[in-house]
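Peer 1: Have a look at this fold, sequence not included:
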């Protein structure tokens, strides 16, 4: 159960709230839900009364993750295992980052030239919202995580990956 300033959102029976992100001005609330196994995931917005509003992504195989929104409430940043693989061990095979444009419902692949056999995860927008910081790691399991950043322009052309910190997790700009 998610308590909001002006309302409550209850995940439906058999669903669990995995992540919540509230926009800078509190006008957009993003919710990421899954089933008990962490799959059948959905990312959607709710209004300040807790009513489901706009679906970002739903009804796809594989896992979803990473959740952020720009200060102007235009772009939602999330991750998706595009392989669709699902296992009891929660292994992701091809986790990529995406922008969802709330203005026109367009989806942009942010992972660009991600090396095969790796996952991009835990993405966050930079303070100036011209870059994304994230973790890239092998999909083989408990191995080294490296923090990278990428830049993007107004047309969502993605720049090169730039290594920031080797053997690190949970990036943030603070």
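Peer 2: Happy to help now that I have it. On a predicted model such as this, the values are computed, not experimentally measured, just so you know.
Peer 1: Tell me how far residue 161 lies from residue 100.
Peer 2: Residue 161 sits 21 Å away from residue 100, taking Cβ to Cβ, to the nearest Å as the criterion. The C-beta positions use only the backbone N, C-alpha and C, and glycine is treated the same way.
Peer 1: same thing with residue 37?
Peer 2: Distance of residue 37 to residue 100, given as Cβ to Cβ: 24 Å.
Peer 1: Looking at the two, which is more packed in?
Peer 2: Set residue 37 next to residue 100 and count neighbours by other Cβ atoms under 10 Å: residue 100 wins out with 21 against 12.
Peer 1: How about the contacts made by that one?
Peer 2: For residue 100, the contact set (Cβ atoms under 8 Å, 6 or more residues apart in numbering) comprises 56, 57, 75, 76, 78, 106, 107.
Peer 1: Please report how far it lies from residue 15.
Peer 2: 20 Å.
Peer 1: wait, isn't residue 78 in contact with residue 60?
Peer 2: No - counting by Cβ atoms under 8 Å, residue 78 stays clear of residue 60, with 11.3 Å between them.
Peer 1: Grab the most central residue of this protein for me.
Peer 2: The residue lying closest to the centre of the chain (Cα atoms, centre = their mean) is residue 78, at 1.9 Å.
Peer 1: Show me what it is bridged to.
Peer 2: For residue 78, the beta-bridge partners under DSSP bridges are residue 67, residue 98.
Peer 1: list the contacts for it?
Peer 2: Taking Cβ under 8 Å, 6+ apart, one finds 32, 43, 56-57, 64-68, 97-98, 100, 123 in contact with residue 78.
Peer 1: for this protein, what spans make up the helices?
Peer 2: Applying DSSP state H to the chain gives no helices.
Peer 1: Surely residue 61 and residue 39 touch.
Peer 2: Yes - taking contacts as Cβ under 8 Å, residue 61 lies within contact range of residue 39: 7.5 Å.
Peer 1: Report the set of residues contacting both of the two.
Peer 2: Joint contacts of residue 61 and residue 39 (Cβ under 8 Å, 6+ apart) are residue 86.
Peer 1: Next, the distance between the ends of stretch 146-165.
Peer 2: Taking Cα to Cα, to the nearest Å, stretch 146-165 runs 6 Å from one end to the other.
Peer 1: I am finished for the moment; much appreciated.
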